[in-house]
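Engineer: Just need the structure, nothing else, for what follows:
(2 chains)
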Amino acid sequence: MFVNFFLELRQAKVPVSIKEYLALMEAMDQNVAESSVDDFYYLSRAILVKDERNLDKFDRVFGHIFKGLEAAPGEGITAEIPEEWLRKLAEKLLTDEEKAQIEALGGWDKIMETLKKRLEEQQKRHQGGSKWIGTAGTSPFGAHGFNPEGVRIGQDKNREGRAVKVWDKREYKNLDDTVEIGTRNIKIALRRLRKFAREGAEVELDMPDTIRSTARNAGYLDIKMIPERRNKVKLLLLFDIGGSMDAHIRVCEELFSAARTEFKHLEFFYFHNCLYEKLWKDNRRRHVDTFSTAQLLHTYPPDYKIIFVGDASMSPYEIAYPGGSVEHWNEEAGQVWIQRMAETYRSMVWLNPVPERHWSYTPSIQLLQQLSSNRMFPLTLGGLDSAMKELNK
Amino acid sequence: MKFTGTDSYVASDDLRVAVNAAIALQRPLLIKGEPGTGKTVLAHEVAKALKAPIIEWHIKSTTKAQQGLYEYDAVSRLRDSQLGDERVKDIANYIKRGKLWDGFTAPERPVLLIDEIDKADIEFPNDLLLELDRMEFYVYETQQVIKAEQRPIVMITSNNEKELPDAFLRRCFFHYIRFPDRETMTQIVDVHFPDLQRNLLREALNVFYDIREVPGLKKKPSTSELLDWLKLLMVEDMSPDALRSKDSKQLIPPLHGALLKNEQDVHLFERLAFMARREQRQ
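Structural biologist: So this is what the prediction gives:
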């Protein structure tokens, strides 16, 4: 059962390894869970799940594998089944003798309640087995009779019942996401772009210099300090926003958040479709607070590295002709601005979230590929890696 | 050694099991959760409950893994050598022990708290893999192996600012502290302010959960903020009515500074409250 549990977790893409499995066995061996299902659930969750995003997947697998332990359906099911109908159904099927037996077992209303629950569960889950209502089944509730022997209803207050509630509730649902590339991977790729330099306060011992100056000092100690190494790469991120980029928002957000924590000198601006004479920093105030591209070219020195992020998918006119912009009248064509950027900044790449194999079908992508002198890379980990190598040249 | 919560900390069942598993199997326990849900406090409470000493290692962005093991103070040794100090002959005099070393060699089994591990450089957790796994490390300068006589109970907290590497996660147990529901919150408040008026608490919790529901808040108030706010309400001797007065002149709850921590949130809340009131009038 545990091996199945483990395998199914892996299938559900919860990253578990043999190490965790053995840890769970060890914990069982040491009786940490004290043989209660609640505790076992908590224990296996603590050992096997390492990220809150996987908690929901875990809950689902747990519920599935250990369904046999579900003694009674959970509370709080609220689908509607008319009570009279149920009562009629039961009355029609039961003899007086049986009714008396039922009475002894916990009262008519309780039976009704349980029958109702059972019916709802059947509707909801459509699972087979002897538990469910069907024709001529072995179930205590069936079309051919109500089996008094099989009645073990009304016991839904046991420990397992409560535990089921916990994982059936799937409380962690909203934390689940299926991000393919996490920010950690992006950060690792961005690390390629580190360029260390010593600037600022002198806090570290400079060993070679100390030895040199001590020797020159006739053996009398002369300590030399140097500033700490810091990443001094300066980055300017330009995001295409809105329109066709909406489909790529998640990956852009990830890139942005990874870059923001990785680089001290990071500036960003937004544009729409193609770069024109205006950029903005806040999408809500994009028509009010704009930043002219000419000013950008003057403000940020040429040692800034430029990363465009955009799908570059638009009408070629938007790039090639004055007035081609979909949003406003632009005096100069988009390509003029792109060329100006390329002239000012030596390190410039374009990251494109559109898969590389589709690029050849979109003329505007090819156009921008040319304009950025073939420095367009797909927004994947591999592409990001090559882009960072290109920026480091 | 079993942890069952303390009289000043309400531990849910799942948290209790996770802590006990970490203690029994001697693995580090990684705690995540919203800021202010009692991650750091947990380590203190576990130490208190087990009557174990606590060793805290607070991580900053500049913290290196090596600092947790030991540091070799070459500069003062060089200086001492110039002055002809006797201590200079033994390199061990210039080895400064780190928190992990302290934890490994403590006479009693301690609780070692590595606080906010996500603040450090992205490689930091990887540099501690072996040390946390085998609970030993090698001191190059003195060529000795420091090995834990009894493995400390290691608790690691993270605020999710950085993702942690898989290899590191494999070695830890994990617990995500969920934001407490109303019932648990009442218990928590009871533990901290046993003689708080019932109706004041009820109104305060109403306001608190209302604020948490407001969409778009930059920082949702959490348990520690609620406790601060309640303390303020008690000090100011606020009446429950003052909290209930939804249509009074006040738009936002009294002493909101304890709950809302930046001006955008306060503005947002004011605007929403204003709109809600306008709708009521119409």
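Engineer: With adjacent residues omitted, what lies nearest to A:Leu266?
Structural biologist: Among residues not flanking A:Leu266 along the chain, A:Leu235 sits closest, at 4.9 Å (CB to CB, 6 or more residues apart in numbering or on different chains). (Each C-beta comes from the backbone N, C-alpha and C, glycine too.)
Engineer: My read is that the one you found contacts A:His265, right?
Structural biologist: Yes. Using CB atoms under 8 Å, A:Leu235 is in contact with A:His265, at 6.5 Å.
Engineer: Tell me which of these two has more neighbours.
Structural biologist: Neighbours were counted for A:Leu235 and for A:His265 using other CB atoms under 10 Å in any protein chain shown; A:Leu235 has more, 22 against 14.
Engineer: The more buried one falls within a strand, correct?
Structural biologist: Yes. Under DSSP: H, G, I helix; E, B strand; the rest coil, A:Leu235 sits within a strand.
Engineer: how close does it get to chain B?
Structural biologist: Distance, A:Leu235 to chain B, using CB to the nearest CB, to the nearest Å: 17 Å.
Engineer: how about that residue, what does it touch?
Structural biologist: If you count contacts by CB atoms under 8 Å, 6 or more residues apart in numbering or on different chains, A:Leu235 has them with A:Leu193, A:Ala259, A:Phe263, A:His265, A:Leu266, A:Glu267, A:Tyr304, A:Lys305, A:Ile307.
Engineer: Let me have those in TSV, extended by pLDDT.
Structural biologist: Formatted as TSV, the contacts of A:Leu235 follow (pLDDT from 0 to 100):
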residue	pLDDT
A:Leu193	68
A:Ala259	78
A:Phe263	77
A:His265	79
A:Leu266	82
A:Glu267	84
A:Tyr304	88
A:Lys305	88
A:Ile307	90
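Engineer: In strands only, show me those residues.
Structural biologist: Among those, the members falling in strands are A:His265, A:Leu266, A:Glu267, A:Lys305, A:Ile307 (criterion: DSSP state E).
Engineer: Going through those residues, which ones are buried?
Structural biologist: By neighbour count, with 16 or more other CB atoms under 10 Å in any protein chain shown, the ones in strands among the contacts of A:Leu235 hold A:Leu266, A:Lys305, A:Ile307 as buried.
Engineer: Tell me the one among these nearest to chain B.
Structural biologist: A:Leu266 (15.6 Å; CB to the nearest CB).
Engineer: these two touch, right, the closest one and A:Leu238?
Structural biologist: No. Between A:Leu266 and A:Leu238 there is no contact, the gap being 11.9 Å when judged by CB under 8 Å.
Engineer: what's the overlap in contacts for these two?
Structural biologist: With CB under 8 Å, 6+ apart, A:Leu266 and A:Leu238 have no common neighbours.
Engineer: so who does the residue positioned nearest the centre of chain B touch?
Structural biologist: Nearest to the geometric centre of chain B sits B:Thr40, at 2.4 Å (CA atoms, centre = their mean). Shown in contact with B:Thr40 (CB under 8 Å, 6+ apart): B:Leu113, B:Asp115, B:Thr157.
Engineer: Please apply the same query to A:His272.
Structural biologist: Going by CB under 8 Å, 6+ apart, A:His272 touches A:Asp240, A:Ile241, A:Gly242, A:Gly243, A:Val326, A:Glu327.
Engineer: Run a quick neighbour tally on A:Pro316.
Structural biologist: A:Pro316: 16 neighbours (other CB under 10 Å).
Engineer: Spell out which residues of chain A are next to chain B.
Structural biologist: With CB under 8 Å from any CB of the partner chain as the criterion, chain A comes near chain B at residues A:15, A:17, A:19-20, A:23, A:26-27, A:30, A:32-33, A:38-39, A:42-43, A:45-47, A:49-52, A:55, A:171-172, A:182-184, A:187-188, A:191, A:205, A:210, A:220-221, A:223, A:261.
Engineer: if we can go back for a sec, the contacts of A:His272: which two are farthest apart?
Structural biologist: Farthest pair in the contacts of A:His272 (CB to CB) is A:Ile241 and A:Val326. Separation: 13.4 Å.
Engineer: neighbour count winner among the two?
Structural biologist: Under the criterion of other CB under 10 Å, the comparison of A:Ile241 against A:Val326 puts A:Ile241 first, with 19 against 12.
Engineer: The closest residue to the more buried one other than its chain neighbours: what secondary structure?
Structural biologist: Nearest residue to A:Ile241, sequence neighbours excluded (CB to CB, 6+ apart): A:Tyr270, at 4.5 Å. Secondary structure, three-state DSSP: A:Tyr270 is strand.
Engineer: Let me know the distance separating A:Tyr270 from chain B.
Structural biologist: Look at A:Tyr270 and chain B: by CB to the nearest CB, they are 20 Å apart.
Engineer: What is the burial count for that residue?
Structural biologist: Taking other CB under 10 Å as the criterion, the count of residues near A:Tyr270 is 20.
Engineer: just the one 3 residues further on next, same as before
Structural biologist: By other CB under 10 Å, 25 other residues sit near A:Asn273.
Engineer: before we move on, the earlier item: closest one to B:Leu217 out of the contacts of A:His272, please.
Structural biologist: Using CB to CB, these come closest to B:Leu217 at A:Ile241, 23.7 Å.
Engineer: Residue ranges in chain B under the pLDDT threshold?
Structural biologist: Low-confidence segments of chain B (pLDDT under 70): B:1, B:245-251, B:279-282.
Engineer: Which strands and helices lie in contact with the longest helix seen in it?
Structural biologist: Using DSSP state H to define each element, chain B has its longest helix at helix B:263-281. Judged by 3 or more CB pairs under 8 Å, 6 or more residues apart in numbering or on different chains; DSSP states H and E, helix B:263-281 is in contact with no other helix or strand.
Engineer: List the residues that contact B:Ala67.
Structural biologist: Wrong residue type there; residue B:67 is Gln, not Ala. Going by CB under 8 Å, 6+ apart, B:Gln67 touches B:Gly98.
Engineer: Look up which helix or strand it falls in, please.
Structural biologist: Using DSSP states H and E, B:Gln67 falls within helix B:65-69.
Engineer: Give me the distance between that helix and the centre of its chain.
Structural biologist: A distance of 20 Å separates the C-alpha centroid of helix B:65-69 from that of its chain, computed with CA atoms, centre = their mean, to the nearest Å.
Engineer: The residue nearest to A:Ile241 touches A:Arg284, doesn't it?
Structural biologist: No. The pair A:Tyr270 / A:Arg284 is not scored as a contact, 11.0 Å apart, by CB under 8 Å.
Engineer: count of neighbours near A:Leu379?
Structural biologist: 24.
Engineer: Surely it touches A:Pro355?
Structural biologist: No. Counting by CB under 8 Å, A:Leu379 does not reach A:Pro355; the two are 9.4 Å apart.
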